[in-house]
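A.B. asks: For reference, the sequence and a predicted model appear below.
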Amino acid sequence: MADPAAPERPLTLDEKKAAARERALRAREDKQRDAGAGAGLAVTDSAAAYIAECADREGMAHAVRLCIHAGGCSGLEYSIDLLPPGAVAGPAEREIGSNGVTVVLDLKSAIYVSGSVIDYTTSLMRRGFVIRNPNATSTCSCGDSFGV
């Protein structure tokens, strides 16, 4: 059966482009809403243990602020900072609890890291946080920056 909402004539190129822009806008708005609601961020056992160790040593909360900034080899880079006791998320931020650690991030950063896993690794060549980000389309060789 034919779609009753379909026009009687074929769509023009401009109409097709307008429809595609509208679909893309709706998809982007859905992604932003979903990212802001939860962000689906996970902290591994090793990252949680390292955050807890550093926080206890510095007298800070078992909480970090994760931000995405312009810069690095691939265009965007991660920033992770410990939060003082009693720090809470602002109105334009979200709190995500994972593995005993609270991660605070702004809505823009939440979009970039939705579905990511924060890990902490120690090897001969590197010691530090590693963020496995499914949204990254490119990363630099050191893993500190990414592109989307």
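C.D. replies: Sure thing, it's come through. Residues are numbered from 1 along each chain as shown.
A.B. asks: how near is the residue nearest to the spatial centre of the chain to Cys54?
C.D. replies: Nearest to the geometric centre of the chain sits Val113, at 1.5 Å (C-alpha atoms, centre = their mean). The gap separating Val113 from Cys54 is 20 Å, by C-beta to C-beta, to the nearest Å. Every C-beta, even on glycine, is put in place using the N, C-alpha and C of the backbone.
A.B. asks: Show me the strands in this protein, by range?
C.D. replies: Along the chain, counting by DSSP state E, strands occupy 42-43, 63-70, 76-82, 93-98, 101-106, 117-122, 127-132, 138-139, 145-147.
A.B. asks: Out of the ones you listed, the one nearest Tyr50 is which?
C.D. replies: Tyr50 lies closest to strand 117-122 among those, at 4.3 Å (C-beta to C-beta).
A.B. asks: tell me the angle the closest one makes with strand 93-98.
C.D. replies: 60 degrees (axes from the mean of the first three to the mean of the last three C-alpha atoms, to 10 degrees).
A.B. asks: Just the pLDDT for His62.
C.D. replies: In this model, His62 is scored at 93, pLDDT.
A.B. asks: Please identify which of the strands of the chain is closest to Lys17.
C.D. replies: With C-beta to C-beta as the measure, strand 145-147 is the member of those nearest Lys17 (26.2 Å).
A.B. asks: could you give the mean pLDDT of the closest one?
C.D. replies: 66.
A.B. asks: What's the local residue count around the nearest residue to Cys67 once chain neighbours are set aside?
C.D. replies: Excluding the flanking residues, the one nearest Cys67 by C-beta to C-beta, 6 or more residues apart in numbering is Ser79, at 4.4 Å. The tally of other residues near Ser79 (other C-beta atoms under 10 Å) stands at 13.
A.B. asks: roughly how far apart are Ser79 and Ile131?
C.D. replies: Note on Ser79: its distance to Ile131, by C-beta to C-beta, is 11 Å.
A.B. asks: picking up where we left off before, residues contacting the residue nearest to Cys67?
C.D. replies: By C-beta atoms under 8 Å, 6 or more residues apart in numbering, the contact set of Ser79 is 65-69.
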